[in-house]
Structures are given as C-alpha cells and as structure tokens.
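> quick one, fold the following:
(one chain, ligands or ions: 1)
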Amino acid sequence: MKHDLFRIKDLTKNELLDILDDAQAFASAYQDWQFPQRKLIANLFFEPSTRTHYSFVSAEHQLNCRVENFTAAGSSVEKGESLYDTVKTFERIGYDAVVIRHPQDEYFKELNNIQIPILNAGDGKGNHPTQCLLDLLTIRQEFHQFEGIKMAVIGDIRHSRVAHSIQEAMTMLGGETRFGGPLEWQDGNEAYVSVDELVAWADVVMMLRIQHERHESLMKMSSQEYLERYGMTKVRYHRMQDHAIIMHPAPVNRGVEIADELVESEKSRIFKQMSNGVLVRKAVLKRAFGYSFETEEER
Ligand code: NCD
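Okay, here's the model as predicted:
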C-alpha cells in the first residue's frame with residue numbers, strides 16, 4: 001500500500017508522532033536500515049532547493065535507492081507537458097516513487113490518479129510537510145514534548161509554506177504559535193505580537209526568510225532596517241529565555257532576518273535542523289512503501 005505525504009493536516013497525531021519516532025530511530029538503532037528491495041526514486045524539483053532536494057537525495061542513497069534528479073529544462077515540460085502527464089510518465093517507466101516541489105499551491109490535487117507514492121517537497125505558498133517534521137523533530141529533541149511549547153514565527157508569514165505547516169502541527173500537538181513581522185505580510189486575521197515581546201515569550205523562535213520571489217513589488221526597507229525592526233539582533237538574542245532556541249528553515253539571509261554572528265550561536269539549531277532533515281526524509285520514504293522496522297515486511 002502506498003502512503004503519500006501532501007500536507008501535515010492529512011496526518012493523524014499518531015501518524016505524525018510515528019514518523020518522528022522513526023526519524024529518531026534512524027539516528028540510533030536503525031542507522032543502517034535499508035529497503036530490502038531497491039527502490040527507484042525520481043526527485044522532481046520545479047523550484048530551486050538545496051537542503052530539501054539534497055537531503056532527500058542523501059536519505060534515498062542511505063536507504064539503498066537508485067536516484068534520478070529531474071529538471072524541467074530539457075524535458076517535455078518545455079513543450080508544454082502538464083505536471084500530471086510528467087508524473088504519470090515516471091510511474092509508467094518504472095519509478096517506484098516521486099518527490100515533488102512545485103510553485104503551484106496544492107499541485108497534488110491534480111495527481112489523484114497516480115499509483116506510486118508522492119512526497120511533497122513544497123507546494124507554492126501552501127505546505128512543506130517534511131520541513132515541518134524536521135522542525136518538530138528538532139523541537140522534540142530539545143524539549144521532549146510539544147504540550148505547552150511556545151513558538152514564535154517571525155517574518156514573511158503570508159508567503160511562507162513553512163509557517164502554515166508548523167502552525168497546523170503545533171496546534172495538533174498542544175503547542176502554541178504566535179506570529180510577528182511586517183504587517184504587510186500578515187496572513188488572514190492572525191493577531192500579531194511585537195518582535196521584542198515574542199523573543200522574550202517563546203521557547204522556540206523561528207525566523208523566516210523574506211520570500212522575495214513571491215512578492216509582487218520590491219521590499220522598500222533596507223536589509224539593515226529589516227534586521228533592526230524584525231530580525232534576530234544581538235539585543236533580542238539576550239532577551240530570549242535561557243533555554244530558548246532559534247530555528248530557521250534556511251536559506252538564511254545573513255544580516256537580514258538574523259545577524260550574521262548569531263547563525264551559529266549557542267541557541268541556534270539551524271544546522272541541526274538540516275541534519276534532522278535527512279532523518280525525517282528517510283522516515284517518510286520508509287512510510288511511503290509501508291515498511292515497519294519490526295517486521296521489515298511491506299504492509
Ligand atoms: C523553505 C522553502 O523552500 O519553503 N526552505 C527550505 O525548504 N529549507 C523556506 C525558504 O525558502 O525560505
């Protein structure tokens with residue numbers, strides 16, 4: 001049986017926690033676990049990516065998959081072929097699963113008729129489930145629970161699939177999410193809190209990249225002004241609680257959403273998140289084909 005991964009809200013709380021448990025197990029007891037039968041995986045990235053793309057590639061290689069990386073340039077997408085026909089082609093020519101990042105929100109709604117598992121590596125401004133899972137794994141490693149965890153998400157909320165996914169997950173798990181940042185990028189009716197208040201309140205402060213590629217007009221503020229008004233400065237760093245941590249999905253604009261010298265500071269888990277990304281992607285690939293660690297049987 002295949003298990004797609006499109007959105008966090010498609011998972012039950014138990015399914016979500018199972019993925020985190022599997023990801024953690026990949027860091028210890030099951031470090032060397034591989035698919036008993038080799039899988040052929042295609043990574044279809046229609047938007048730029050370094051971490052998500054190559055941590056999927058790393059996870060796939062670690063699980064003994066054969067891996068192909070599709071680029072739209074040079075493919076029949078240039079002749080106008082639809083996403084559905086592209087993915088159907090991969091299914092028909094022998095691929096066992098596809099990983100897709102695409103600029104269209106909820107592109108996967110067009111892909112109901114695909115028989116192989118689809119793992120969403122980011123859809124437009126919509127969802128980014130594997131990023132969310134790696135964020136959750138990082139939070140759980142730190143605090144061992146989600147209940148009552150206070151999370152501040154700061155920056156370009158409206159254009160961020162990361163913000164949307166983590167809010168859904170934290171709500172499901174009993175945590176609390178509050179937003180802050182420039183009002184012009186506020187999403188819906190979500191109440192905003194000042195950045196100075198948020199950093200003092202939160203257990204987890206997640207800074208977001210300004211999603212320039214999704215903006216209709218150029219940002220009027222300079223990088224320095226943005227940092228001072230909304231970013232993680234040294235002053236705000238010292239306002240954080242002793243146990244609190246900083247996260248960022250990256251790529252980081254050093255000196256814009258976070259001061260350069262804080263990217264690898266004691267409170268930063270930014271590079272830890274990247275390592276966790278490989279564990280989480282191994283877990284969702286394993287789940288895609290219905291394997292369990294105990295029996296190594298395909299469910
Ligand atoms: C995020 C994305 O692509 O949505 N990055 C990532 O996957 N690590 C956030 C971003 O690009 O700012």
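> where does the residue nearest to Ser268 when sequence neighbours are not counted sit, in terms of helix or strand?
Spatially, and ignoring its direct neighbours in sequence, Ser268 is nearest to Ile246 (4.8 Å; Cβ to Cβ, 6 or more residues apart in numbering). C-beta: built from backbone N, CA, C; applies to glycine. In this structure, Ile246 is located in strand 245-247 according to DSSP states H and E.
> also Leu198?
Counting by DSSP H and E, Leu198 is part of helix 195-201.
> can I get the very next helix or strand once past that helix as PDB, trimmed to CA atoms?
Going down the chain from helix 195-201, the next helix or strand is strand 204-207, by DSSP H and E. Taking Å, rounded to 0.1, in the frame of the first residue of the first chain, the C-alpha atoms of strand 204-207 are listed here in PDB:
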ATOM      1  CA  VAL A 204      11.300  28.400  20.100                       C
ATOM      2  CA  VAL A 205      11.900  31.400  17.900                       C
ATOM      3  CA  MET A 206      11.600  30.600  14.200                       C
ATOM      4  CA  MET A 207      12.800  33.300  11.800                       C
END
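> in the helix or strand following strand 204-207, what counts as buried?
Next in sequence after strand 204-207, counting helices and strands by DSSP H and E, comes helix 223-230. Neighbour counts using 16 or more other Cβ atoms under 10 Å place Tyr226, Leu227, Tyr230 of helix 223-230 among the buried residues.
> who in the protein is up against the ligand?
Residues of the chain lying close to the ligand by Cβ under 6 Å from any ligand atom are Arg51, Thr52, Gly122, His128, Gln131, Arg161, Val162, Arg209, Pro249, Ala250.
> in helices, which of these appear?
Arg51, Thr52, Gln131, Arg161, Val162 (DSSP state H).
> read off the pLDDT value for the residue most central in space within the chain.
Residue closest to the mean C-alpha point of the chain, counted by Cα atoms, centre = their mean, is Gln131 at 1.3 Å. Per-residue pLDDT puts Gln131 at 98.
> low-confidence stretches in the stretch 51-200 of the chain?
Scanning the stretch 51-200 of the chain for pLDDT under 70 picks out nothing.
> what ranges do the strands span in it?
66-70, 97-102, 118-123, 150-154, 176-180 (DSSP state E, counting those that start in this stretch).
> wait, which of these is closest to Leu16?
Closest approach to Leu16 among these (Cβ to Cβ): strand 118-123, 14.6 Å.
> buried residues, the closest one. List them.
Residues Ile118, Leu119, Asn120, Ala121, Gly122, Asp123 are the ones in strand 118-123 that count as buried (16+ other Cβ under 10 Å).
> how about the contacts made by the third one?
By Cβ atoms under 8 Å, 6 or more residues apart in numbering, the residues touching Asn120 are Asp4, Leu5, Phe6, Arg7, Ile100, Arg101, Phe108, Asn127, His128, Pro129, Thr130.
> now do the same contact list for the fifth one.
For Ile100, the contacting residues are Leu44, Phe45, Phe46, Leu83, Val87, Tyr107, Phe108, Ile118, Leu119, Asn120, Ala121, taking Cβ under 8 Å, 6+ apart as the criterion.
> touching, the fifth one and Gln115? I think so.
No. Judged on Cβ atoms under 8 Å, Val87 makes no contact with Gln115 at a distance of 10.3 Å.
> out of the residues of the chain next to the ligand, which is nearest to Leu40?
Closest approach between the residues of the chain next to the ligand and Leu40, by Cβ to Cβ: Thr52, at 19.9 Å.
> identify the residues contacting the nearest residue to that closest one once chain neighbours are set aside.
Leaving aside its sequence neighbours, Thr52 sits nearest to Ala121 (Cβ to Cβ, 6+ apart; 5.0 Å). Ala121 sits next to Asn43, Phe45, Ser49, Thr52, His53, Phe56, Val99, Ile100, Arg101, His128, Thr130 when contact means Cβ under 8 Å, 6+ apart.
> which residues sit in contact with Asp203?
Phe143, Ile149, Lys150, Met151, Gln241, His243, Ala244, Ile245.
> for the strand holding Ile246, name the packing helices and strands.
helix 129-143, strand 204-207, helix 270-288 (3 or more Cβ pairs under 8 Å, 6 or more residues apart in numbering; DSSP states H and E).
> Ser194: which of the ones you listed is closest?
Evaluated over the helices and strands packed on strand 245-247, closeness to Ser194 peaks at strand 204-207, with 13.2 Å, by Cβ to Cβ.
> centre of the chain to that closest one, how far?
When distances are taken as Cα atoms, centre = their mean, to the nearest Å, strand 204-207 is centred 14 Å away from the chain's centroid.
> with that, I have no additional questions.
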